[in-house]
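**Student:** sharing a model prediction with you, sequence too.
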There are 4 protein chains.
Amino acid sequence: MDDTHQHGYIQRKDDYLKRLRRIEGQARGLQRMVDDEAYCIDILTQVTAMTKALHAVSLGLLEEHMSHCVVDAAREDHELGQAKVTEAMDAITRLVRS
Amino acid sequence: MDDTHQHGYIQRKDDYLKRLRRIEGQARGLQRMVDDEAYCIDILTQVTAMTKALHAVSLGLLEEHMSHCVVDAAREDHELGQAKVTEAMDAITRLVRS
Amino acid sequence: MDDTHQHGYIQRKDDYLKRLRRIEGQARGLQRMVDDEAYCIDILTQVTAMTKALHAVSLGLLEEHMSHCVVDAAREDHELGQAKVTEAMDAITRLVRS
Amino acid sequence: MDDTHQHGYIQRKDDYLKRLRRIEGQARGLQRMVDDEAYCIDILTQVTAMTKALHAVSLGLLEEHMSHCVVDAAREDHELGQAKVTEAMDAITRLVRS
């Protein structure tokens, strides 16, 4: 891709950075909870909240990717569209099993 | 869509029918296990195998859908491609949380 | 376990059999949809509903198992309780990744 | 619980702290990738790795909880064991759907 190409998610870059900073903060909060020996179930509740936040980021990035890279590739060339679908499906498969 | 349209997965229709018949058989096998009061963990192992088989069917259908319907829609019209991506993302979101 | 032992879920055996029969019916319904070449996204919606129903069965069986087999084993003997927990955790790990 | 009670995971506290610090580092790495506009699929691969690491932490904490709190509660009192199982099942249900 050339230098002027902009990946789709750039439009919501600040939104993603903000969400990832919050997730980073959740990781730090979990360290405090473990260090303070908080109750396991309370820690698990926080880990689950963090996992959900990560899943939301994954799904958001995937949507950006599909509506920009995959659609653009398909419009440019049929084979290129297929290749991008295969690549996206590999990511979706890993995501579903994660 | 007109009468001559063929959904993508038709090419592997027999494969999907075979897999779904096997899944139906697994559902019957589970009923026998519950009826015979098999050990819970053994039943859970079978339920997990069945869930995996269903996930594989989901991912296969999704790949067919994306490489046919989504790519074709994108090639026909940009807006139509976007609409198909939105629809596919809704299905993926449900799948990831299922 | 001796002949008189009753696995925990027996109390809700009819409920599980009914749910598994419904799941078997969903597997047959999916075969009809594929055979009729229904729209992929509609099929995916049904597969997701079926996966959710299976997950609910898994979680129900797991709860029965833990509140009967695991608790009873722990009360009988500490080591036996640990062994049952290890076995249950293996099932939970498979379930989370399925 | 009294002041002298030690939650089970304390034994592997350093291990959990190390894993959570690594997860925190992954969250920072993801911010750099988004800031540098890395390719979506590469970002998704990293998010999936991070989600897997979090799931491993969840399962580890859950095992500690079950083999200590749940087993100990069951040994102390049947009803208390049941209550701990119900609480653990709620956490497992949230985990399976996260």
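**Tutor:** Yes, it's here.

**Student:** so A:Q31 touches D:I23, yeah?
**Tutor:** No - contact between A:Q31 and D:I23 fails when scored by CB atoms under 8 Å: they sit 9.2 Å apart. Where C-beta positions appear, they are placed from N, C-alpha and C, glycine not excepted.

**Student:** with neighbour numbers in mind, choose between those two.
**Tutor:** With neighbours defined as other CB atoms under 10 Å in any protein chain shown, A:Q31 and D:I23 compare such that D:I23 has more, 26 against 17.

**Student:** contacting residues around the more buried one?
**Tutor:** Contacts for D:I23 (CB atoms under 8 Å, 6 or more residues apart in numbering or on different chains) come out as A:A27, D:M50, D:A53, D:L54, D:V57.

**Student:** which element, helix or strand, includes it?
**Tutor:** Applying DSSP states H and E as the criterion places D:I23 in helix D:13-35.

**Student:** do stretch A:80-89 and chain C meet at all?
**Tutor:** No - judged by CB under 8 Å from any CB of the partner chain, stretch A:80-89 stays clear of chain C, getting no closer than 13.3 Å.

**Student:** now do the buried residues in that stretch.
**Tutor:** A:G81, A:Q82, A:K84, A:V85, A:E87, A:A88, A:M89 (16 or more other CB atoms under 10 Å in any protein chain shown).

**Student:** kindly list the longest helix within chain A.
**Tutor:** The single longest helix within chain A, with elements called by DSSP state H, is helix A:40-65.

**Student:** is chain D contacted by that one?
**Tutor:** Yes - for helix A:40-65 and chain D, the contact criterion (CB under 8 Å from any CB) is met by A:40-41, A:43-45, A:47-48, A:50-52, A:54-55, A:57-58, A:61-62, A:64-65.

**Student:** kindly report the same for stretch A:77-87.
**Tutor:** Yes - Stretch A:77-87 comes into contact with chain D (CB under 8 Å from any CB), by way of A:E87.

**Student:** what does that stretch rub up against?
**Tutor:** A:69-70, A:73-75, B:63, B:66-67, B:70-71, B:74-75, D:41.

**Student:** from those, which land in helices?
**Tutor:** A:A73, A:A74, A:R75, B:E63, B:V71, B:A74, B:R75, D:I41.

**Student:** can you put the residues you listed in CSV and add pLDDT, neighbour count and distance to chain C?
**Tutor:** Output for the ones in helices among the contacts of stretch A:77-87, formatted as CSV (pLDDT from 0 to 100; neighbours: other CB atoms under 10 Å in any protein chain shown; distance: CB to the nearest CB, whole Å):
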residue, pLDDT, neighbour count, distance to chain C
A:A73, 96, 21, 20
A:A74, 96, 27, 17
A:R75, 96, 17, 21
B:E63, 94, 20, 10
B:V71, 95, 26, 13
B:A74, 96, 27, 16
B:R75, 96, 17, 17
D:I41, 95, 16, 22
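
**Student:** and the furthest pair within these?
**Tutor:** The most widely separated members of those are B:R75 and D:I41, with 21.4 Å between them, by CB to CB.

**Student:** for A:E37, helix, strand, or coil?
**Tutor:** When classified by DSSP: H, G, I helix; E, B strand; the rest coil, A:E37 comes out as coil.

**Student:** pLDDT at it, what is it?
**Tutor:** A:E37 carries a pLDDT score of 93 in this model.

**Student:** work out which residue lies at the spatial centre of chain A.
**Tutor:** The centroid of chain A falls nearest to A:S58 when counting by CA atoms, centre = their mean (2.4 Å).

**Student:** what's the closest non-adjacent residue to that residue?
**Tutor:** Sequence neighbours aside, D:V47 is the residue nearest to A:S58 in space, at 4.9 Å (criterion: CB to CB, 6 or more residues apart in numbering or on different chains).

**Student:** and A:D72, how many neighbours?
**Tutor:** Neighbour tally, A:D72, other CB under 10 Å: 17.
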